[in-house]
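[1] What follows is a predicted protein model with its sequence.
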Amino acid sequence: MLEDLLQSLILRDVQFMKDVWNLRTSGVDFSKLLKSVSKLQTQLAVQKTLLWTEKLLRKHSNNMPLPNQQATRVKHFIKFVFEANSREPTRQKRLRNLDCSSLKFCGLSYTVREIIELPSEVFEFLVENAASFVERSQLSLLLCRDDINKVVLGDFDPEDLEVFKTFLNTHITLRIALCRGQKHTTPSSHLADTEPSSAVSQNEQGDDQVRPQKRMRSEEQDTQAGMGREIQYMYSNAPVSLIPHLGDLLAEAIQSSHQWKVERALGESKTACLTTIIPKDPAQDVSINLWVGAEAGHQLNDKFNLVPKWTSLPNHVGP
């Protein structure tokens, strides 16, 4: 009904304005009407932008980057919101009060410059209504897609570490729910070891329910397929202070990883960057998995003259 009314207004806008112009009754408070129309104009300006961003998120798969490096907007937005700066400190503080998903959604919808230049009434409407839009549209998990996750786990120098840790913790919790819902199976991933908090609602998780036990079995099957043996135990969470004992080269490689940086930002005293995998057969060797930065990993390949033994690319014959 409301949509039909709006469509009618669009199609008959000229006639509608003429009818209003010819109105002579004193029963209408034009001052209040003008305020209402102004508020509607503000709402529509924000709504148009947010609807465009929602369409963008739904159009592109979570594991494919958004076009035109759109996710980098979120990186610059996070820097603006959480790092110390002299540009619009009032708006910066208002944005820090947004929940994690709403903040990322605003960052994806507006550049930092656009946020700074928004008329005050538009900015206030955005801040006050972004959360309800995200919740109603069930966008929280869509805002944890791979490219957004990568920029959120980047290097930041937050002015208020506690506020930033709350933001980061919430993102990681939602990212866990997304990965489990999509049945991602990365055996040594920190995403497999953390339970989503009760703050993640059923709507945010979508139709796919989180099933930790089923996912653990899937991980075991994947590990068997990749290594040709059955895994019984997996150990992790080494004290941070022991990592340097692996040697400078591996220690530096580990410390360049996103996993390491996230743990340090959260103030964790342990790390999941070192994982040992123990087979059931005591005669078989123990495997050690390390999380290292992408560039450092390639450098290790070059330094030790490693050659590719397997690829996930279809129809590819290994060496």
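    Now that the structure is in, tell me what you want to look at.
[2] which residues of this structure score low on pLDDT?
    25-26, 182-238, 242, 245-246, 307, 309-319 (pLDDT under 70).
[3] 80 instead, please
    Low-confidence segments of the chain, defined by pLDDT under 80: 1-30, 33, 85-86, 179-246, 266-267, 300-319.
[4] biggest helix in it by residues?
    Longest helix in the chain, counting residues (DSSP state H): helix 30-59.
[5] What are the buried residues along that helix?
    Across helix 30-59, burial judged by 16 or more other CB atoms under 10 Å covers 42, 46, 49-50, 53-54, 57. Yep, even glycine has a C-beta here, placed from its N, CA and C like the rest.
[6] Check stretch 284-302 too.
    Going by neighbour count (16+ other CB under 10 Å), the buried part of stretch 284-302 is 287, 290-293, 296, 299.
[7] in this structure, which spans are strands?
    Assigned by DSSP state E, the strands in the chain fall at 231-235, 238-239, 270-271, 274-279, 287-290.
[8] Need the buried residues of stretch 284-302 in a markdown table (columns: distance to A251).
    Conversion of these to a markdown table gives the following (distance: CB to CB, whole Å):
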| residue | distance to A251 |
| --- | --- |
| S287 | 19 |
| L290 | 10 |
| W291 | 12 |
| V292 | 10 |
| G293 | 12 |
| A296 | 10 |
| Q299 | 14 |
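[9] From the residues you listed, pick the one nearest P279.
    Proximity of those to P279 (CB to CB) peaks at S287, which lies at 8.0 Å.
[10] How about the closest one, nearest residue that isn't a chain neighbour?
    Closest residue to S287 apart from its sequence neighbours, by CB to CB, 6 or more residues apart in numbering: I277 at 4.2 Å.
[11] Could you pull out the helices in the stretch 51-200 of the chain for me?
    Here the stretch 51-200 of the chain has its helices, by DSSP state H, counting those that start in this stretch, at 72-82, 89-96, 100-109, 112-117, 120-137, 146-152, 161-181.
[12] Now tabulate these in a markdown table and tack on distance to W21 and mean neighbour count.
    Formatted as a markdown table, those follow (distance: least, CB to CB, whole Å; neighbours: other CB atoms under 10 Å):
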| stretch | distance to W21 | mean neighbour count |
| --- | --- | --- |
| helix 72-82 | 42 | 21 |
| helix 89-96 | 38 | 16 |
| helix 100-109 | 36 | 25 |
| helix 112-117 | 33 | 15 |
| helix 120-137 | 26 | 16 |
| helix 146-152 | 48 | 20 |
| helix 161-181 | 50 | 20 |
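[13] In TSV: those helices, plus distance to P308.
    Formatted as TSV, the helices of the stretch 51-200 of the chain follow (distance: least, CB to CB, whole Å):
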stretch	distance to P308
helix 72-82	30
helix 89-96	45
helix 100-109	36
helix 112-117	41
helix 120-137	42
helix 146-152	23
helix 161-181	26
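[14] S257 is nearest to which of those helices?
    Closest of these to S257 is helix 146-152, at 12.4 Å (criterion: CB to CB).
[15] Mind listing residues that contact the closest one?
    By CB atoms under 8 Å, 6 or more residues apart in numbering, the residues outside helix 146-152 that reach it are 62-66, 71-72, 74-75, 78, 104, 108, 168, 171, 175, 258.
[16] can we see that at 6 Å?
    The contact list for helix 146-152 (CB atoms under 6 Å, 6 or more residues apart in numbering) reads 63, 65-66, 71, 74-75, 171, 175.
[17] starting at the chain centroid, how far to it?
    Relative to its chain's centre, helix 146-152 lies at 6 Å (CA atoms, centre = their mean, to the nearest Å).
[18] again with stretch 85-102
    That offset, for stretch 85-102, works out to 17 Å (CA atoms, centre = their mean).
[19] Quick one: end-to-end length of it, please.
    Chord length of stretch 85-102, first to last residue, is 21 Å (CA to CA, to the nearest Å).
[20] do stretch 252-259 as well
    With CA to CA, one end of stretch 252-259 sits 13 Å from the other.
[21] With stretch 14-32 instead?
    Across stretch 14-32, the terminal residues are separated by 22 Å (CA to CA).
[22] What is the nearest of the buried residues of stretch 284-302 to D13?
    Using CB to CB, the shortest approach to D13 within the buried residues of stretch 284-302 belongs to G293, at 56.2 Å.
[23] which residues does that closest one contact?
    For G293, the contacting residues are 256-257, by CB under 6 Å, 6+ apart.
[24] so how far is S241 from it?
    To S241, G293 is 20 Å away according to CB to CB, to the nearest Å.
[25] Show me what the longest helix of the chain is packed up against.
    Contact analysis of helix 30-59 by 3 or more CB pairs under 6 Å, 6 or more residues apart in numbering; DSSP states H and E lists helix 100-109, helix 120-137 as its packing neighbours.
[26] what's the spacing between the last one and its chain's center?
    With CA atoms, centre = their mean as the basis, helix 120-137 stands 18 Å off its chain's centre.
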